[in-house]
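>>> Give me the fold of what follows.
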Amino acid sequence: MCLATPLQIKRIEKDTAFVDHDKKEYPVSLQLIPQAKKGDWVLAHGEIGISVLPENEALVILGLIEKANQTA
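Residues are numbered from 1 along each chain as shown. Next comes the predicted model:
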């Protein structure tokens, strides 16, 4: 099963954001969400940013993913 994951933008270069996930830096395209800025939380699938999320929603989703991983 594939999930979109909330990730926080650490830096931006042109139309690409860079996020940290599992202690590694990954690029995320901002072509669909050009309004995103450093510090924003984005919902990303693969290397594509899908939407900008409020921080509280991002943290709830991350908590649910962590809980699901603990029961798997």
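
>>> pLDDT weak spots in this protein?
1, 72 (pLDDT under 70).

>>> Output the longest strand belonging to it.
strand 5-13 (DSSP state E).

>>> partners of that strand in the sheet?
Sheet pairing here is set by DSSP bridges, and for strand 5-13 it gives strand 16-21 (antiparallel), strand 41-45 (antiparallel).

>>> Now tell me what touches that strand from outside.
17-21, 25-26, 28, 30, 36-45, 53, 57-59, 61-62, 65 (CB atoms under 8 Å, 6 or more residues apart in numbering). Where you see a C-beta, it was placed from the backbone N, CA and C, and this is true even at glycine.

>>> tell me which residues of that strand are tucked away?
5-9 (16 or more other CB atoms under 10 Å).

>>> for stretch 49-60, same thing?
Applying 16+ other CB under 10 Å to stretch 49-60 flags 49, 52-53, 58 as buried.

>>> Between those, which sits nearest residue 69?
Checking these against residue 69 with CB to CB, the nearest one is residue 58 at 16.5 Å.

>>> picking up where we left off before, out of the buried residues of stretch 49-60, flag the one nearest to residue 70.
The closest of the buried residues of stretch 49-60, once distances to residue 70 are taken by CB to CB, is residue 58, at 19.0 Å.
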